[in-house]
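need a structure here:
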Amino acid sequence: MSGPEKAMRTPGRVKEVTSLSNPLVKDIKALALKKYRDREGVFMAEGLKLVLDALDTGWAIRTLVYAKSAGGNTTVERAAARTVAAGGLVLQVSEKVLSAITRRDNPQMVVGIFEQRWLPLHEIQPAGGDVWVALDRVRDPGNLGTIIRTVDAVGAKGLMLVGECTDPFSLETVRATMGSVFSVPLARADESAFLSWREGFSGLMVGTHLKGSVDYRNVDYSGTPVLLLMGNEQQGLPEKLAEACDRLVRIPQAGRADSLNLAVATGVMLYEIRRTALPASHGPSS
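A predicted model of the protein is given here:
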């Protein structure tokens, strides 16, 4: 463990930082790159609400960064106290430093560095009316973040990432989830591991495909666990994954477009599945 990383984890540390050359700031800025996020097993979340949501749901915080101008804000100070109590480091920084960390001209006044969470694939055993989503090689951070948010909104159980997918813990993806990254269990696997897991899945695996012969609205999704498998933005589902599906369905297009954006198509499918398979939401609609 590096010296700066050790400092990030020293219990009770509170520091004021104004220099962009500070080693702690350099370490946090490096989290913009996936190789550093993977090496340290952490990621960045912006905004006081997201930080509080993460703390309230038990996510382990390594570092809390807040703007000096937020000093005196009772809620921010409580978040700082909770971070210190959890053994994390609190950094009070200048707006220049915060902008550099978040890569924004008008950054949120609070940033949290949290430990990543991954659910082992073998622990996923859908039952009853559980609904899961699997994405094959999703590339766009905005698509992935929107899908995570939609999985959360419909009450599905979680998301599996198959193959080389974009990082759900990138800053762009976390922003797009609007906090749902803290509520949706995530798993990852290569294609062969996923297909091996699928052999033990006794529910209904449905994939969207241009060759699908069944309208997605004409499938009964009730009475069994459902796994919705969605393909890559450009190439769709590869043959091996398509062949592993119990049903291949299509979403009819009325206009000249021959397909939908991946996040939109996933949302259309999930809300249709929820209509028959998931309990109705009691939360507010948007």
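
for the chain, longest helix please?
helix 262-277 (DSSP state H).

pull out the buried residues from that helix.
Applying a neighbour-count criterion of 16 or more other Cβ atoms under 10 Å, one finds 262-263, 265-270, 272-274, 277 buried in helix 262-277. In this view, the C-beta of every residue, glycine as well, is placed from N, C-alpha and C.

which one of these sits closest to residue 103?
Top of the list for closeness to residue 103, among the buried residues of helix 262-277 and by Cβ to Cβ, is residue 263 at 22.9 Å.

and the chain, what are its domains?
According to automatic domain parsing, the chain comprises the domains 3-115, 121-277.

ranges for the helices of the stretch 151-286 of the chain?
With DSSP state H, counting those that start in this stretch applied, the stretch 151-286 of the chain shows helices at 171-177, 191-199, 239-244, 262-277, listed in chain order.

for residue 227, which of those helices is the nearest?
That would be helix 191-199 among those, by Cβ to Cβ, at 7.8 Å.

tell me which other helices or strands the closest one touches.
In this structure, helix 191-199 makes packing contacts with strand 158-162, helix 239-244, judged by 3 or more Cβ pairs under 8 Å, 6 or more residues apart in numbering; DSSP states H and E.

show me what the longest one is packed up against.
Contacting helix 239-244 under the criterion 3+ Cβ pairs under 8 Å, 6+ apart are the following elements: helix 191-199, strand 204-208.

flag the shaky bits of the stretch 151-286 of the chain, pLDDT-wise.
Counting by pLDDT under 70, the low-confidence segments of the stretch 151-286 of the chain come to 257-258, 278-286.

what's the burial count for the residue nearest to residue 120 when sequence neighbours are not counted?
Nearest non-adjacent residue to residue 120, counting by Cβ to Cβ, 6 or more residues apart in numbering: residue 187, 7.0 Å away. Other residues lying near residue 187 total 20 when counted by other Cβ atoms under 10 Å.

ok, what's across the strand from residue 187?
residue 160 (DSSP bridges).

distance of it from residue 157?
Going from residue 187 to residue 157 by Cβ to Cβ, to the nearest Å gives 11 Å.

quick one: common contacting residues for these two?
With contacts defined as Cβ atoms under 8 Å, 6 or more residues apart in numbering, no residue is shared by residue 187 and residue 157.

setting aside sequence neighbours, what's the nearest residue to residue 145?
Across the structure, with Cβ to Cβ, 6+ apart as the measure, the residue nearest residue 145 apart from its sequence neighbours is residue 176 (2.3 Å).

what is the burial count for that neighbour?
Residues within reach of residue 176, counting by other Cβ under 10 Å, total 22.

isn't it up against residue 150?
No - if you go by Cβ atoms under 8 Å, residue 176 and residue 150 don't touch, sitting 10.7 Å apart.

show me what contacts the residue nearest in space to the middle of the chain?
Closest to where the C-alpha atoms of the chain average out (Cα atoms, centre = their mean) is residue 181, at 3.8 Å. Residue 181 makes contact with 45, 145, 148, 168-169, 173-174 under the criterion Cβ under 8 Å, 6+ apart.

need the max-distance pair from the residues you listed.
Once Cβ to Cβ is applied, the contacts of residue 181 give 45 and 148 as the farthest pair, at 12.9 Å.

tell me which of those two has more neighbours.
Between residue 45 and residue 148, counting by other Cβ under 10 Å, residue 148 is the more crowded of the two (28 against 25).

hmm, residue 168 and that one touching each other?
Yes - the pair residue 148 and residue 168 qualifies as a contact (Cβ under 8 Å) at a distance of 6.6 Å.

between these two, which contacts overlap?
With contacts defined as Cβ under 8 Å, 6+ apart, the residues adjacent to both residue 148 and residue 168 are 159, 177, 181, 186.

among those residues, name the buried ones.
In terms of neighbour count (16+ other Cβ under 10 Å), the buried residues within these are 159, 177, 181, 186.

check the closest residue to residue 159 other than its chain neighbours and give its pLDDT.
Leaving aside its chain neighbours, residue 159 sits nearest to residue 133 (5.0 Å; criterion: Cβ to Cβ, 6+ apart). At residue 133 the predicted local distance difference test score is 98.
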